[in-house]
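> heads up, no residue letters with this:
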């Protein structure tokens, strides 16, 4: 049974962004005394206007995922939706990021 007034934030972030890849990370939900949350996993999706949507389902032990084959200089929306035994919780907030140019990051390594 799921009793929530509003789905809690998962604090989704993107890091290690390159021209064609990024890691999406989130803070897993914790059981609290005021809500009964039976989360069986997460639906992680990455979408953009110019690229196909990538969706991955993971169990509750996972808190970050590597996405590749992204398009350069593209604005992406990363979202993580907690899944219950019956359905998703409907939390579909986007964390926006733009893929970068590898040549810029390579300059800092010299």
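Nice, I can see it. On a predicted model such as this, the values are computed, not experimentally measured, just so you know.
> quick one: the helices in this structure?
102-109 (DSSP state H).
> so where do the strands sit in it?
Counting by DSSP state E, the chain has strands at residues 13-15, 21-25, 39-48, 54-58, 64-68, 75-84, 95-98.
> With mean neighbour count and mean pLDDT added, can I get those in a markdown table?
Any C-beta I mention is one placed from the backbone N, CA and C, and that applies to glycine too. Output for those, formatted as a markdown table (neighbours: other C-beta atoms under 10 Å; pLDDT from 0 to 100):
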| stretch | mean neighbour count | mean pLDDT |
| --- | --- | --- |
| strand 13-15 | 14 | 92 |
| strand 21-25 | 19 | 95 |
| strand 39-48 | 19 | 91 |
| strand 54-58 | 14 | 95 |
| strand 64-68 | 14 | 95 |
| strand 75-84 | 20 | 90 |
| strand 95-98 | 15 | 92 |
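> List the residues that contact the closest residue in space to residue 19 that isn't next to it in sequence.
Nearest-residue entry for residue 19: residue 72, 4.2 Å, with adjacent residues in sequence omitted and distances by C-beta to C-beta, 6 or more residues apart in numbering. Listed by C-beta atoms under 8 Å, 6 or more residues apart in numbering, the contact set of residue 72 reads 19, 20, 99, 100, 101.
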